[in-house]
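*Asks:* Okay, predicted coordinates and the sequence, questions at the end:
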Amino acid sequence: MQFAKSRADVIRSVPQRWLLNYWHRLCGQKPLPLWKDLTGSELSRMTDNLLFCDVMREGDGERFLIRYKGARIIEAYGECDGRYLDDTLPPLARETALSTYRHAIATRRPIYTVVKAQDRAGKPVDFERLLLPFSHQGESVDSILAALEWVSIEGGFEGRELLRSQAAAPAYSVCATIEQIESDIIP
């Protein structure tokens, strides 16, 4: 999977842009923001669309232990707190989705993707994902905060088990490493 180096304005979702700026402010002069600095009150407007996972290092790789999934994510994937991400993802999407999380670890940068999908009635839906790496001690990526959004140019769509109902591997229209963050994109 190829990741383009992008500016923050590639992100279309206003809440995701806000979250990226919040991550950037928490980062300050550190290489990574600290997980303990996240505050629930700041994230409260987005909790339905958030997923928190811990990076579990196993052998030569990583697995992602889900600690929290918001209501909209549960609607799309099903309930899975306390399970590994690779055990919850649909088989057709598993490896490409996991590669985006691994890329966030490798680069220690935010990752933004857009996947083209369809709901059960065939309406087009864009699945936008922003991955933000966090550290517990300041150096290595130990946790990832994911913000997920679903948008359809045709308006309303069926979100229940949206990503499980896909008949083909995901088609990524955007796959970006956010290299440049302007702290004034969204005040």
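*Replies:* That came through fine.

*Asks:* going forward, measure contacts and count neighbours with C-alpha atoms only.
*Replies:* Will do.

*Asks:* how about the worst-scoring helix or strand of the chain on mean pLDDT: buried residues?
*Replies:* When the helices and strands of the chain are scored by mean pLDDT, DSSP states H and E, helix 71-77 comes last with a mean of 76. Counting neighbours by 16 or more other CA atoms under 10 Å, one finds that the buried residues in helix 71-77 are 72, 73, 74, 75, 76, 77.

*Asks:* Next, give me the two most distant ones among those.
*Replies:* For the buried residues of helix 71-77, the maximum inter-member distance is 8.7 Å, found between 72 and 77 (CA to CA).

*Asks:* What does residue 46 show for phi and psi?
*Replies:* Geometry field for residue 46 lists phi and psi as phi -120, psi 0, criterion degrees, to the nearest 10.

*Asks:* now do residue 22
*Replies:* As for residue 22, its main-chain torsions (degrees, to the nearest 10) stand at phi -60, psi -50.

*Asks:* Can you report how many residues neighbour it?
*Replies:* 18 (other CA atoms under 10 Å).

*Asks:* ok, now residue 177?
*Replies:* 25.
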